[in-house]
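Visitor: Sequence and predicted model, in that order:
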Amino acid sequence: MSGWLQPVSMTGTHARLVPLEHIHVQALSEAVRDGELWKLWYTAIPAPEGMAAEVDRRLALQAEGSMLPFTVMDGQGKVVGMTTYMNVDAKNRRVEIGSTWYARSTQRSALNTECKRMLLGHAFEDLNCIAVEFRTHRLNVQSRQAIERLGAQLDGILRAHQLGASGTIRDTAVYSITAAEWHTIKAHLDYQLSRSR
């Protein structure tokens, strides 16, 4: 794995990010049942019976240096989802924060804001990234609104970007935050989190 991006744990008030491990499979399988997230047609979230294979896939990408996956826990230490640094470009110091899902009961809470605050802080302050990307299906309105609430800017739409498992074609909305914007975005996120306590 690239020496630039190494497994790390991050802890906040509402959330904790720990390196993904096989021991998390059972708890992740239970978390994904909260809202039956794998049934959403516009995203690729593993069903409970596919969770072990998804963990294997993410850890294989980590070994190749193209992903750094995390297990997401809430403030009480309960496993509630997954997120990653992905599409790692060490040469250009860029990452995408993606392949994220949370149990339905934790969605639209301070947990997502804090996870993104920790991931962005590590990316800009420790990894010295020049930009961080977010990508989602053009029709995933909930995800797009969450990304926009962070302060990310829409770079554009990649039309007919990917083939979906169900035979649909995905248009991908691409957002980013640049290093020059981080100081202001950090103040924005810290303010949002201060109102959640």
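Guide: Okay, I see it. Residues are numbered from 1 along each chain as shown.

Visitor: ranges for the strands of this protein?
Guide: Per DSSP state E, the chain carries strands over the ranges 10-11, 15-19, 67-74, 79-89, 94-102, 131-137, 153-163, 169-178.

Visitor: Present the ones you listed as TSV; the columns should include distance to residue 114, mean pLDDT and mean neighbour count.
Guide: (Glycine included, C-beta is placed from N, CA and C.) Output for those, formatted as TSV (distance: least, Cβ to Cβ, whole Å; pLDDT from 0 to 100; neighbours: other Cβ atoms under 10 Å):
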stretch	distance to residue 114	mean pLDDT	mean neighbour count
strand 10-11	9	96	14
strand 15-19	5	97	21
strand 67-74	10	97	24
strand 79-89	12	96	22
strand 94-102	12	94	22
strand 131-137	16	95	22
strand 153-163	21	93	12
strand 169-178	16	95	18
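
Visitor: how about JSON lines for those strands, with distance to residue 111 added?
Guide: What follows is those, written out as JSON lines (distance: least, Cβ to Cβ, whole Å):
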{"stretch": "strand 10-11", "distance to residue 111": "13"}
{"stretch": "strand 15-19", "distance to residue 111": "5"}
{"stretch": "strand 67-74", "distance to residue 111": "6"}
{"stretch": "strand 79-89", "distance to residue 111": "7"}
{"stretch": "strand 94-102", "distance to residue 111": "7"}
{"stretch": "strand 131-137", "distance to residue 111": "17"}
{"stretch": "strand 153-163", "distance to residue 111": "23"}
{"stretch": "strand 169-178", "distance to residue 111": "19"}
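
Visitor: give me every residue that touches residue 188.
Guide: By Cβ atoms under 8 Å, 6 or more residues apart in numbering, the residues touching residue 188 are 150, 151.

Visitor: try 6 Å
Guide: When contacts are counted by Cβ atoms under 6 Å, 6 or more residues apart in numbering, residue 188 touches residue 151.

Visitor: One more: residue 3?
Guide: Contacts of residue 3 (Cβ under 6 Å, 6+ apart): none.

Visitor: How far away from the center of its chain is the top helix by length along the chain?
Guide: Looking across the chain with DSSP state H, the single longest helix is helix 179-194. Here helix 179-194 is found 18 Å from its chain centre; the criterion is Cα atoms, centre = their mean, to the nearest Å.
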